[in-house]
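**Student:** dropping a prediction and its sequence here:
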Amino acid sequence: MEVGEVFADAFGRVQEEVHAVLDGLSQEDLDARPGPEANPIGWLVWHIARVQDDHVAGVAGREQTWTAGGWHERFGLPLDPEDLGYGHSSEQVAQVSGIAAGALRDYYDAVHAATLDYVATVSAADLDRVVDEGWDPPVTLGVRLVSVVNDNQQHTGQAAYVRGLLASR
């Protein structure tokens, strides 16, 4: 199995979970917060897509799908186009609402397609390339891609948990 195939499988698992968590949800469910400071499913899926889009576009040296594909304008969120959701306050989380499940799925799928295009080009030798000198030790491509998969899996698990809480109400 080639390196690109391993990452394609890992990101494919994220896509499957994103689809599963969004399937059949109402707008009310997407925007519901199980606690006053908790993140709703809609915000979690938006954040998953934004982080993957930003980080993969960064290592691929291309514009993010968020801006290149016009998603920022379509979603019409009152946030800076560079915003990924890191460190969002409760008020900022609340601003990421009213986005239909289909639109979230479509944006994630566009990011996923761009991700697959990129990881198909990655070789084993590429994994040691330093992509971020801002950390000690510096972050390599392999570490960055694993980090994105890990972050996305954690957040899809959170979204699935919130979905379960909503189903039990």
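**Tutor:** Done, it's in. No experiment lies behind these values; they were computed from the predicted model shown.

**Student:** mind listing what the residue positioned nearest the centre of the chain touches?
**Tutor:** Residue closest to the mean C-alpha point of the chain, counted by Cα atoms, centre = their mean, is Ile48 at 2.0 Å. Ile48 sits next to Val14, Val18, Tyr108, Asp151, Asn152, His155, Thr156, Ala159 when contact means Cβ atoms under 8 Å, 6 or more residues apart in numbering. For glycine as for every other residue, the C-beta is placed from the backbone atoms N, C-alpha and C.

**Student:** surely it is within a strand?
**Tutor:** No: looking at Ile48 with DSSP: H, G, I helix; E, B strand; the rest coil, it is helix, so not inside a strand.

**Student:** from Gly134, how far out is it?
**Tutor:** 22 Å (Cβ to Cβ, to the nearest Å).

**Student:** out of the contacts of Ile48, which is nearest to Ser89?
**Tutor:** Minimum distance to Ser89 across the contacts of Ile48 is 17.7 Å, recorded for His155 (Cβ to Cβ).

**Student:** SS state for that closest one?
**Tutor:** Under the three-state scheme (three-state DSSP), His155 adopts helix.
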